[in-house]
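**Q** No letters, just coordinates:
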């Protein structure tokens, strides 16, 4: 993510609206129509504003203990009609639970908890993570 690690800061994505425009541009360049957006951890800074602004452009949303969930209100989440799988590891007692507490206001959500997995549950238990993800994707068909 821009501005973290060795990547340079980018003025365009300093504000949430700029991150929406950036992600919109990326999806257009890739030719993606109605994708399912999977958003682990730091990517929440891009995915959550996009979900709130353009959730109707998505076929589904899979937040994996993303950051930034507390930046939005229950009322903002309640307006989103995108099918959502809230996913986190049961050993992620900070971001996973915080994300669940905030994202549970999304009206079309379900929750999957990966047992014996931490914040990066997709790395700790990849088979369990993919099983939950694929189950959600099949449900969208």
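**A** That came in fine, so what should we check first? The model shown is predicted, which means the values in this text are computed figures rather than measured ones.
**Q** Which SSE is immediately downstream of the helix-or-strand element of the chain with minimal mean pLDDT?
**A** Of all helical and strand segments in the chain, the minimum by mean pLDDT, DSSP states H and E falls on helix 16-29, at a mean of 87. Proceeding N to C from helix 16-29, the next assigned helix or strand is strand 36-40, under DSSP states H and E.
**Q** That next one: what's the following helix or strand?
**A** helix 44-54.
**Q** and that following helix, which residues are buried?
**A** Neighbour-count burial for helix 44-54 flags 44, 45, 46, 47, 48, 49, 50, 51, 52, 53 (criterion: 16 or more other CB atoms under 10 Å). Every C-beta, even on glycine, is put in place using the N, C-alpha and C of the backbone.
**Q** The second one contacts residue 69, correct?
**A** Pointing back at residue 45 there. No: with contact defined as CB atoms under 8 Å, residue 45 does not reach residue 69; the gap is 10.6 Å.
**Q** Distance-wise, check residue 139 relative to residue 133.
**A** 11 Å (CB to CB, to the nearest Å).
**Q** All good on my end, thank you.
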